[in-house]
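Q: turn this into a structure:
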Amino acid sequence: MLRIGLTGGTGSGKSTAAARLSERGAVVVDADRLAREVVAPGTPGLAAVVAEFGPDVLTSAGELDRAALAAAAFASDERRRALESITHPRIAARTAELAAAAPPDAVLVHDVPLLVEKRMAPGYHLVVVVDAPVEERVRRLVGRGLDEADARRRIAAQADDEARRRAADVWLDNVGSPDELREAVDVLWEHRFGPFRDNLVAGRPATPAVGAAAGARDAEQLLARVVAALGALREGVRSSASVVADVVQVELVLSTGGRAADVVRRLAPVGFVPVPGPDGERRLGGCDPGRAALVVVRA
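A: Okay, here's the model as predicted:
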């Protein structure tokens, strides 16, 4: 299963990209939809929100008044974090249920507005950021009925472009029409997501010739993913990453007693599979056709 993290600031057009990915066959898990689901009438989540923010966040029908809750929650970082402490664990649990139900050969897209803020990037094979200029995002939000000051407050509470760029494997500038954004998603599906998924399922590395040029940010991203995938094994591994001839090379040196086979098993699900190498080391090639990568494991 190929796991894609999709994010972008409010008003960026992320929902358009998610809808197109769904049309192309992806299983899309929408964190915003789940956020509504976990505070629906009669749920423990709604009861917890009312206990924290008071009955004024309810409509006369007993449903959540989203505008009233937003005004209360975005009044300060402390109040926003209070809301997140209620909703985020419930959203995470429901997300895990939906992911477990997806086919093993799926392209699973997590549409997560706060992916960067919550430092979730290492848990995905790829992170896609949809972006638009701040003033354009404000214009879109006001067009949906949001007060301008509230729109700017929401944007300011989220990660900035610099933080999103550090996390992004793919950056989609949504400055054109919705059709242009959908076309960009189609190109990604045909040339990266689909082939990456196929390589992952088949257990084969991508052809190095189609790997794009890599830089220091690519090395940082892949190292974070590899280390996250190792789990408890990371305690016995010295890790580093560099870029050599446009290939990201991650080196893992095992401490005495470490088993290279255990490391290899942990890295297969995140897109690194065995390739031939010299005696005394294990080599794993990356399955991503958009970035040439090699993991070297030495005992």
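Q: distance from the helix or strand hosting His88 to the middle of the chain?
A: In this assignment (DSSP states H and E), His88 forms part of helix 77-101. Helix 77-101 sits 15 Å away from the centroid of its parent chain (C-alpha atoms, centre = their mean, to the nearest Å).
Q: does anything pack onto the next helix-or-strand element following that helix? Which helices or strands?
A: Using DSSP H and E, the helix or strand that follows helix 77-101 in sequence is strand 107-111. Packed against strand 107-111, as judged by 3 or more C-beta pairs under 8 Å, 6 or more residues apart in numbering; DSSP states H and E, are the following elements: strand 2-7, helix 14-23, strand 27-30, helix 31-37. From N, CA and C alone the C-beta is placed, and that goes for glycine too.
Q: can you list contacts of the helix or strand just after strand 107-111?
A: Next in sequence after strand 107-111, counting helices and strands by DSSP H and E, comes strand 126-131. Under the criterion C-beta atoms under 8 Å, 6 or more residues apart in numbering, residues 2, 4-9, 12-14, 16-17, 115-116, 121, 161, 164-165, 167-174, 181, 188, 192-193, 196, 221, 288, 290 lie in contact with strand 126-131.
Q: buried only: go through those residues for me.
A: Buried residues within the contacts of strand 126-131, counting neighbours by 16 or more other C-beta atoms under 10 Å: 2, 4-9, 12-14, 16-17, 115-116, 121, 164, 167-170, 172, 174, 181, 188, 192-193, 196, 221, 288, 290.
Q: in this structure Phe193 contacts Tyr124, no?
A: No - if you go by C-beta atoms under 8 Å, Phe193 and Tyr124 don't touch, sitting 11.9 Å apart.
Q: comparing the helices and strands packed on strand 107-111 by mean pLDDT, which bottoms out?
A: Among the helices and strands packed on strand 107-111, helix 31-37 carries the lowest mean pLDDT, at a mean of 89.
Q: now that helix: buried residues?
A: By neighbour count with 16+ other C-beta under 10 Å, helix 31-37 contains the buried residues 31, 34-35.
Q: and that helix, what does it pack against?
A: Using 3+ C-beta pairs under 8 Å, 6+ apart as the contact test, the elements touching helix 31-37 are helix 77-101, strand 107-111.
Q: what's the last one in contact with?
A: Counting contacts by C-beta under 8 Å, 6+ apart, the residues outside strand 107-111 that touch it are 1-7, 14-15, 18, 21-22, 25-32, 95, 99, 102, 124, 193-194, 197.
Q: now the residue nearest the centre of the chain: how far from Gly277?
A: A centroid search over the chain (C-alpha atoms, centre = their mean) returns Gly5, at 2.4 Å, as the residue closest to the centre. From Gly5 over to Gly277 the distance is 30 Å, taken as C-beta to C-beta, to the nearest Å.
Q: now name the helix or strand holding the closest residue to Asp56 other than its chain neighbours.
A: Nearest non-adjacent residue to Asp56, counting by C-beta to C-beta, 6 or more residues apart in numbering: Ala68, 5.9 Å away. Ala68 is located in helix 66-73, with elements delineated by DSSP H and E.
Q: report the buried residues of that helix.
A: Judged by neighbour count (16+ other C-beta under 10 Å), helix 66-73 contains these buried residues: 69-73.
Q: pipe the helices and strands packed on strand 107-111 into TSV and attach distance to Ala156 per row.
A: Shown next, in TSV, are the helices and strands packed on strand 107-111 (distance: least, C-beta to C-beta, whole Å):
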stretch	distance to Ala156
strand 2-7	17
helix 14-23	18
strand 27-30	24
helix 31-37	19
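Q: hmm, back to that, report the contact partners of the residue nearest to the centre of the chain.
A: 109-110, 112, 115, 120-121, 123-124, 126-128.
Q: what do you get for Val170?
A: Neighbour list for Val170: 126-129, 188, 192, 290 [criterion: C-beta under 8 Å, 6+ apart].
Q: any idea how far Phe193 is from Gln158?
A: Distance, Phe193 to Gln158, by C-beta to C-beta: 25 Å.
Q: the residue lying closest to Asp32 once chain neighbours are set aside: how many residues sit nearby?
A: Leaving out its chain neighbours, the residue that sits closest to Asp32 by C-beta to C-beta, 6+ apart is Pro113, at 6.6 Å. By the criterion of other C-beta atoms under 10 Å, Pro113 has 21 neighbours.
Q: wait, doesn't Pro113 sit right on Lys14?
A: Yes - using C-beta under 8 Å, Pro113 is in contact with Lys14, at 7.4 Å.
Q: any shared contact partners between these two?
A: Common neighbours of Pro113 and Lys14, using C-beta under 8 Å, 6+ apart, are 7-8.
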